[in-house]
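>>> any chance you could fold what I've pasted below:
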Amino acid sequence: MKIVAGLGSIDEYIKFAKAGADEFFCGYVPYSWSQKYGTVLPLNRREVLCYNVQLGAFSELEILSGMMKKYEKPVHLTFNSLYYIPEQYPEIAGIISQCMKIGFHSYIIADPALMVYLRENGINCEIHLSGECGEINSQMVASLGKLGLKRVIFHRKNTFEDMRAVVDKCGKKDGTDAANVEMLKDMDTADDYSSVRERCESGTERIPEFEAFVLNEMCQFTGAFCNSLHCDEMGYLCKVPYQIGTLKTGNAGSEIFNQEINGGHLLPDGFVPDDFHSLHDFSYDSAGYLCGETGCGLCALYQLKQAGITHLKLVGRGNYTDYMEKDIRNLRMALNILKESADEMEFRRKMKLQIFPSGCSKNCYYQ
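Residues are numbered from 1 along each chain as shown. Sure, this is the predicted structure:
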């Protein structure tokens with residue numbers, strides 16, 4: 001399984017590559033787009049300017065393209081909005097075409113209409129189905145697979161059984177990637193997408209890659225149903241403290257969803273006490289770092305591999321650079337332990353001993 005790490009700026013690329021990342025994903029929102037549409041019609045659902053979450057200048061992409069050629073670590077650009085207005089589709093197609101000319105060939109897309117628009121207009125880029133799309137079942141994935149998906153990114157609320165069912169139905173048939181590699185070559189050279197689409201619709205082509213979340217930014221919401229704006233002007237909906245109650249009675253429960261329930265990771269900084277670390281028996285290091293503090297799936301690596309996952313998403317755009325480096329190194333260490341372990345029990349024991357000797361955050365992605 002390969003590590004796919006989030007990039008908040010081009011300065012992080014070399015550091016993360018040397019730390020052990022295999023691939024990267026990052027957002028690109030031209031400033032002209034922000035000027036025209038503001039935050040309510042976002043390109044990437046991360047319309048943030050006050051800290052490093054994404055790139056905002058084409059010149060940055062040109063520099064990043066040079067790094068990709070040297071280090072041979074691909075970068076996938078994200079377009080995570082669930083929908084766009086009609087006038088935006090040709091603009092996005094223009095942005096993607098421009099990026100493809102300098103070496104960016106793969107795009108993480110959440111809006112099915114954008115996928116269709118790109119194919120119908122002869123833009124044969126690699127498409128990764130975004131985790132924000134929220135694949136519901138194998139039939140939905142199979143239907144979208146007719147557009148020639150290179151990869152499916154599972155959303156955060158999946159079980160191993162659900163992922164395995166999708167992989168079994170929509171993944172490679174014969175245990176090799178040969179047919180899928182040939183399909184992607186055709187996509188690069190075809191004058192139109194019709195021939196590749198016919199092969200996909202006939203069932204002779206399968207989706208070669210599947211990605212799952214494994215570290216950081218676990219959210220109580222499902223991205224496909226989230227209409228929160230992620231911008232500088234207001235707090236994120238997922239960071240607002242709330243009470244758990246029932247819709248029928250309208251009475252909230254007595255317990256507030258706060259640091260006692262979830263470690264304070266989903267609350268604004270002001271809600272987390274200054275002595276938070278000292279109050280909890282977690283293995284924070286001297287810099288205040290704990291692997292998987294805001295969401296961890298390391299214990300699930302064995303099951304994810306069994307389910308057919310080929311790539312692991314390490315979320316972290318906007319995180320401290322040194323924390324992300326440590327995350328990448330810890331995930332790489334866990335994968336090495338996985339290779340050397342005979343079974344799941346041995347893997348978990350060795351992994352926890354080396355990465356969490358004093359305990360973990362217990363903020364598990366997969367229960």
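>>> low-confidence stretches in the stretch 201-350 of the chain?
Applying pLDDT under 70 to the stretch 201-350 of the chain flags the ranges 201-205, 232, 242-282.
>>> how does it look with 80?
Applying pLDDT under 80 to the stretch 201-350 of the chain picks out residues 201-205, 219-283, 317-318.
>>> residue boundaries of the helices in it?
Secondary structure of the stretch 201-350 of the chain by DSSP state H, counting those that start in this stretch: the helices cover 259-262, 276-279, 301-307, 321-340, 344-355.
>>> please apply the same query to the stretch 51-200 of the chain.
With DSSP H, counting those that start in this stretch as the criterion, the stretch 51-200 of the chain has helices spanning 58-71, 88-100, 112-120, 138-145, 160-170, 178-189, 194-201.
>>> and those helices as a markdown table, adding mean neighbour count and distance to Ala287?
Bear in mind the C-beta positions are built from the backbone N, C-alpha and C, glycine included. Converted to a markdown table, the helices of the stretch 51-200 of the chain look like this (neighbours: other Cβ atoms under 10 Å; distance: least, Cβ to Cβ, whole Å):
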| stretch | mean neighbour count | distance to Ala287 |
| --- | --- | --- |
| helix 58-71 | 15 | 26 |
| helix 88-100 | 17 | 36 |
| helix 112-120 | 18 | 40 |
| helix 138-145 | 18 | 40 |
| helix 160-170 | 18 | 33 |
| helix 178-189 | 14 | 42 |
| helix 194-201 | 16 | 48 |
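>>> so which of those is nearest Met351?
helix 160-170 (17.3 Å; Cβ to Cβ).
>>> now for the closest one, which elements pack on it?
helix 138-145, strand 209-215, helix 301-307 (3 or more Cβ pairs under 8 Å, 6 or more residues apart in numbering; DSSP states H and E).
>>> gap between Pro74 and Leu43?
Using Cβ to Cβ, to the nearest Å, we find Pro74 at a distance of 21 Å from Leu43.
>>> ok, back up a step: winner for burial among the helices of the stretch 201-350 of the chain?
Ranked by mean neighbour count under mean count of other Cβ atoms under 10 Å, the helices of the stretch 201-350 of the chain are led by helix 301-307, which reaches a mean of 20.
>>> now do it: which elements does it pack against?
Under the contact criterion of 3+ Cβ pairs under 8 Å, 6+ apart, helix 301-307 touches helix 160-170, strand 209-215, helix 321-340, helix 344-355.
>>> at 10 Å instead, please
helix 160-170, strand 209-215, strand 311-314, helix 321-340, helix 344-355 (3 or more Cβ pairs under 10 Å, 6 or more residues apart in numbering; DSSP states H and E).
>>> so what touches it?
With Cβ atoms under 10 Å, 6 or more residues apart in numbering as the contact definition, helix 301-307 has outside contacts at 1, 154, 158-168, 210-214, 297, 300, 309-312, 331, 334-335, 337-339, 341, 343-348, 351, 365-366.
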